[in-house]
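Q: I'll drop the sequence and a predicted model, then ask my questions.
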Amino acid sequence: MKQIEYEKYMKDISTGLFDLEHAKRTAQLTYQIAIHADCSNRAAQNYMDAAFWHDCGKMFLPPELLNKTEPLTDEEFDQIQSHTGLGFDYIEHSNMPNRKLRSDVALFHHERLNGSGYLGMSGKAICRAARLVAVADTFDAMTHDRSYRKAVCVEQAFAEIKKNSGRLYDEKYVSALEKYLSNTVKGGLRING
Ligand SMILES: [Fe+2]
Ligand SMILES: [Fe+2]
C-alpha cells in the first residue's frame, strides 16, 4: 500500500482511536521532539516518517472495536494490543521505504522503560525511535478526544508525562518535549511540580 492509499484508507474509517489526523500530528510532534533533542534534521525526518505509520496495524482491526465507547473486555483489549504486531508484519512484508525504522516503531511504540508495556521490553532494549514516538504518541492521545474519553489540556498532559519521566518515558525526549512546548505554547507552560 502506498502512502496515499494508506491515507485514504485512514480517512474512510477516521474516527476514534485510529485516525489520519492522529498519525499526522504524532509524526509532526515526533519531528519536533527529535529536533529539540538535538537529532540531525535527517534523523528527525526519518523518525517523523516512521511515526506516521506507528498505528497502521489498526487497519486490520474492526472499526467498531476501535470506536467502542464502553469499557473493553479482556479479549477486546488483547485484540487492540495486537495492532503493534499487525503493523510490524504488514510493514515487514511490504517493499516500502524506511522499512526497518517503520516496523520497529510499529512494534515497539507501546513499550515503556520499566517493562510495563505490551511486550515487557525495558530500558535501552527498546529502540530509540520507539522511545521517542512513545512520548509524541502519548501526548497527542491525551490532548485529543478519544472514543472512550475526553482530551485533557496541554499542561495536564505534559505534567502526567513528566511525572513518569525516567520510569515510563525516556527523560531525554520528555525534556525535548518540554523545550518544544515552552517555545510554542502561548505564554509558556505552567506546570506544577
Ligand atoms: Fe498504538
Ligand atoms: Fe497512536
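A: Arrived safely. Predicted model only: the values in this text are computed from it and were never measured. Ligands and ions are numbered 1, 2, ... in the order given.
Q: And the residue nearest the centre of the chain, how far from ligand 2?
A: Compute the mean C-alpha point of the chain, and by Cα atoms, centre = their mean the closest residue is D137, 2.6 Å away. Distance, D137 to ligand 2, by Cβ to the ion, to the nearest Å: 4 Å. For the C-beta atoms, the positions are set from N, CA and C on the backbone; glycine is no exception.
Q: Tell me who's in contact with the residue lying closest to that residue once chain neighbours are set aside.
A: Closest residue to D137 apart from its sequence neighbours, by Cβ to Cβ, 6 or more residues apart in numbering: T26 at 5.1 Å. Contact partners of T26, counting by Cβ atoms under 8 Å, 6 or more residues apart in numbering, are A51, F52, H54, V133, A136, D137, D140.
Q: I'd like to know how many residues surround the third one.
A: Same thing as H54. For H54, the count of nearby residues is 29 (other Cβ atoms under 10 Å).
Q: got the contact list for it?
A: In this structure, H54 makes contact with A23, T26, G87, V105, A106, H109, V133, D137, judged by Cβ under 8 Å, 6+ apart.
Q: ok, those vs ligand 2, which is closest?
A: Minimum separation from ligand 2 among the contacts of H54 (Cβ to the ion) is found for D137, which lies at 4.3 Å.
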